[in-house]
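Can you look at this prediction? I've put the sequence above it.
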Amino acid sequence: MALNAVPEVVTTERRHSVLLVSIDNPPVNALSVDVRRGLVAAIDAAEADGAVAAVLIVGAGRNFIAGADIREFGKPPQSPSLPEVCHRIEACSKPVVAAIQGAALGGGLEIALSAHYRLAVTSARLGLPEVQLGLIPGSGGTQRAPRLIGAKAALDLILSGRHVAPKEALTLGLIDRLGEGTDAMAEGLNYAQELVAARAPVRRTRDANALTDQETQRAAIEAARADTARKSRSLFSPMKIIEAVEAALTLPFDEGLALERKLFLQCIDSPQRAGLIHAFFAEREVLNAPETKAAKPRPVNSCGIIGGGTMGAGIAVAMLDAGLPVTMIERDEPSLARGRAHVEKVYDGLVKKGRLTPGAKAAVMARFTGSTSYDALAQTDLVVEAVFEDMAVKKAVFAELGRVCKMGAVLATNTSYLDIDEIAASTSRPGDVLGLHFFSPANIMKLLEIVVPAKVNADVVATGFELAKKLKKTPVRAGVCDGFIGNRILAVYRQAADHMMEDGASPYQIDQAVRDFGYPMGPFEVSDLAGGDIGWATRKRKAATRDPKARYVQIADRICERGWFGQKTGRGYYLYVEGARTGTPDPEVTAIIDAERQRAGITPRPFSDEEIMRRYMAAMVNEGANVVHQRIALRPLDVDVTFLYGYGFPRHRGGPMHYADTVGLSQVLADIREFAREDSLFWQPSPLLVELVERGANFASLNQSE
Ligand code: 3H9
């Protein structure tokens, strides 16, 4: 029986003496203003109805509540606020039970913490992931969670943002009961009726006493503070989280709540919050490509890999991890044995670390077969070619694939820069050919560029996206060009770094400035890690087509000529003593740089860290704009996601294009024009950047256009 008219995202219905309050706000029951109003109205209705002895809150669909409605952040607040809703629930004079299935995250868990009793079924995942959005829990989570489970456990949850399964939640004391079945509503009704029968009292989390042992709690807070200072130096919200949780120890509940609110609003106003929420939506929006809307993916239940080198083996592991059977093709038995050994080595490492049992390893390897004959791929659904980067070799592979593979098989190349249209033309079925550009190590890196050649069928592209989901990777649609989205842009800002090195900044200063910006490594450290020979090979390949008028810095070539390829040879830009993974500056490299400056007639000048980043980012953003302008990337957000997932761009800055918006595009353009006075060939403003500045628009305005 419907008791009263509340907005339909929250419905109420009496079941005996229990008022069942159901939140139905697809897709994830986020706490929009209507839900908040509905919840308050439901509690009011429960108080007013003498026949109601308890309240049960449930979520319709797969989730309980995924949290505050992130789309409302940054807009004018609407009443009631979430803290007010939580307060209203907790203050209810009749027992309130939360029955959780699926996500109870952020504000969703805070609603549950405001209820008086909590039950979760097996599908439940509980967490306070606000830190991942640059926030702190803002509706009592920092005050109620420590009171319920202690400061140490609460800090662990809130600082990591991790999701907790119901068993652990029970052990922690976050919930009171584990539901035996899967139906949270049915389990919750039984629980609520039991509580009514037992005349169970209202039990408010604000009065919980897990903080009584002050000394232990303080130690936990100090440990978290030291750890955060070390690990999350450049992040804004983690220290605010610690401050708020500390208040749970030192202040009365209502004062703690007031402090939490103040700190939450500071976080809401921070550019890091804007960057992280942009990243959250962008990584979901990349899934919306024209082909994913237009076509259904082909089924992929088996996979072939051509080539058992580092890349091929990494891709094989990614496929095996996703549960697919893999057939690896190599040209001869010794190469095949090496390919298999590469794959096994990864799983042996996991066994050694105790993350995989020998039995589980054997089960995975049972899905791996190898062959020296392409005929073994006759029934395979999808093949990824990962052979040497040479057009003639690739064309020969694709001609073979066209001959042996069944009709409808997807034929993918993992090339990093070769023209996929040309590769596709070498088969009898170009409509089945696309690029799947994995990043090394392919079983770990999350980015997968889905490269779309001119003649490919839409369902083949959709299959690439579906495969990414299976592999738990983040796909970004890219057009065909040298380097696609990521490596094409990388080539340009790497040159900007080389120019600065020759003009007076040391590689060590540049790396430090880039790390201070938030990257885990600077460009020269990355070069040493990847192997200087890789970039050297690319430079040689491009030498014939290089514009003779373009500036070319030879320092890297001088270093490579000495056989210094980075970590694997013990020296590159840095010195690596006895296999160390962190290098130290090398005076001989500095001498090489000095000699090159002299040879080029350059008098070195000092660079500030700020100027280094201005140039580095201007180069990245300008080429990013070119990539969008030429439709290599669908939208600026696709460039952002590429850099967040493939190049270590600091997530709290949202990606290079989002970052450029925060700096202001007119400022970026002014910088480029200023730099162009020294080198007008390198610093050519992107037509898109110029157009946006003229219109007073930004990159974000293009993200909505698809
Ligand atoms: C918070 O609660 C602050 C409070 O402490 C204080 C406030 C005062 N809002 O991920 P999916 C959308 S902060 C709005 O693909 P899944 C998402 O964009 C919040 N929209 O599904 C997507 O839209 P579209 C703390 C949201 O099944 C659709 O839902 N909570 C929200 O793979 C499906 O999402 C979090 O940080 C939201 N809160 O995963 C949890 N959440 O279809 C964030 C999702 O248009 N959410 N959407 O692309 C998640 O972690 C996952 O979405 C979840 C489901 C695990 C719930």
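Sure, I can see it.

Quickly list the domain ranges of the protein.
Here the domain parsing of the chain from automatic domain parsing is 10-269, 300-484, 490-497+607-706, 506-605.

between those, which gets nearest to the ligand?
Nearest to the ligand among these is domain 10-269; the distance by C-beta to the nearest ligand atom comes to 2.4 Å. Yep, even glycine has a C-beta here, placed from its N, CA and C like the rest.

Please enumerate the strands of the stretch 1-150 of the chain.
Here the stretch 1-150 of the chain has its strands, by DSSP state E, counting those that start in this stretch, at 10-15, 18-23, 54-59, 96-100, 103-105, 117-120, 125-127.

Out of the domains of the chain, which gets nearest to residue 279?
domain 490-497+607-706 (5.3 Å; C-beta to C-beta).

count of residues packed around the residue in the stretch 201-350 of the chain that the ligand sits nearest to?
Closest residue of the stretch 201-350 of the chain to the ligand, C-beta to the nearest ligand atom: residue 284 (4.1 Å). Neighbour count of residue 284, defined by other C-beta atoms under 10 Å: 12.

give me phi/psi at it?
phi -90, psi -40 (degrees, to the nearest 10).

Close to the ligand: what parts of the stretch 451-600 of the chain are there?
Residues of the stretch 451-600 of the chain found near the ligand (C-beta under 6 Å from any ligand atom): none.

what about the helices in the stretch 451-600 of the chain?
458-470, 486-503, 507-517, 523-530, 532-543, 555-561, 587-599 (DSSP state H, counting those that start in this stretch).

For residue 664, find the nearest of those helices.
Using C-beta to C-beta, those put helix 507-517 closest to residue 664, at 17.4 Å.

What angle do helix 587-599 and the closest one make with each other?
Comparing the axes of helix 507-517 and helix 587-599 via axes from the mean of the first three to the mean of the last three C-alpha atoms, to 10 degrees yields an angle of 110 degrees.

Name the residues that touch helix 507-517?
The contact list for helix 507-517 (C-beta atoms under 8 Å, 6 or more residues apart in numbering) reads 234, 497, 500-501, 521-525, 573-574, 585, 589, 593, 607, 609, 612-613, 616, 650, 653.

go on, stretch 77-85?
Under C-beta under 8 Å, 6+ apart, the answer for stretch 77-85 is 31, 33, 36-37, 39-40, 68, 72, 88, 107, 110-111, 114, 138-140, 257, 261.

Keep only those of these that are also close to the ligand.
68, 107, 110, 138, 139.

sorry, back to before: quick check: the residue of the stretch 201-350 of the chain closest to the ligand vs residue 33, distance?
To residue 33, residue 284 is 22 Å away according to C-beta to C-beta, to the nearest Å.

for the ligand, what are the nearby residues on the stretch 151-300 of the chain?
Residues of the stretch 151-300 of the chain lying near the ligand (C-beta under 6 Å from any ligand atom): 281, 284.

where are the low-confidence patches of the stretch 151-300 of the chain?
For the stretch 151-300 of the chain, no stretch is flagged by pLDDT under 70.

let's go with 90 and repeat that
Along the stretch 151-300 of the chain, the parts satisfying pLDDT under 90 run over 180-181, 209-214, 231-234.

where does the stretch 301-450 of the chain dip in pLDDT?
For the stretch 301-450 of the chain (pLDDT under 90), the answer is 388-390, 416-417, 428, 440.

residue boundaries of the strands in it?
Under DSSP E, counting those that start in this stretch, the stretch 301-450 of the chain gives strands at 303-306, 326-329, 368-371, 382-385, 410-413, 433-438, 447-452.

For the ones you listed, give me CSV that also has mean neighbour count.
Below are the strands of the stretch 301-450 of the chain laid out as CSV (neighbours: other C-beta atoms under 10 Å):
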stretch, mean neighbour count
strand 303-306, 29
strand 326-329, 26
strand 368-371, 17
strand 382-385, 26
strand 410-413, 28
strand 433-438, 26
strand 447-452, 26
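
Throw those strands into JSON lines and include distance to residue 492, thanks.
Listed next are the strands of the stretch 301-450 of the chain as JSON lines, based on distance: least, C-beta to C-beta, whole Å:
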{"stretch": "strand 303-306", "distance to residue 492": "31"}
{"stretch": "strand 326-329", "distance to residue 492": "35"}
{"stretch": "strand 368-371", "distance to residue 492": "39"}
{"stretch": "strand 382-385", "distance to residue 492": "27"}
{"stretch": "strand 410-413", "distance to residue 492": "24"}
{"stretch": "strand 433-438", "distance to residue 492": "18"}
{"stretch": "strand 447-452", "distance to residue 492": "17"}
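
Of all those, which one is nearest residue 249?
strand 447-452 (42.1 Å).

angle of that closest one against strand 433-438?
Using the same axes, to 10 degrees: strand 447-452 against strand 433-438 is 170 degrees.

Please name the strands paired to strand 447-452 in the sheet, noting orientation.
Note on strand 447-452: by DSSP bridges, its sheet partners are strand 433-438 (antiparallel), strand 474-479 (parallel).

The last one to helix 458-470, inter-axis angle?
When you say that, I think you mean strand 474-479. 150 degrees.

Next, the angle helix 486-503 makes with strand 474-479.
Going by the same axes, to 10 degrees, strand 474-479 makes 80 degrees with helix 486-503.

Extract the CA atoms of strand 474-479 and return them as CSV.
C-alpha atoms of strand 474-479 as CSV (Å, rounded to 0.1, in the frame of the first residue of the first chain):
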residue,chain,number,x,y,z
THR,A,474,40.4,1.3,-21.1
PRO,A,475,39.9,1.6,-24.8
VAL,A,476,40.4,4.9,-26.7
ARG,A,477,39.3,5.2,-30.4
ALA,A,478,42.1,6.6,-32.6
GLY,A,479,42.5,7.3,-36.3
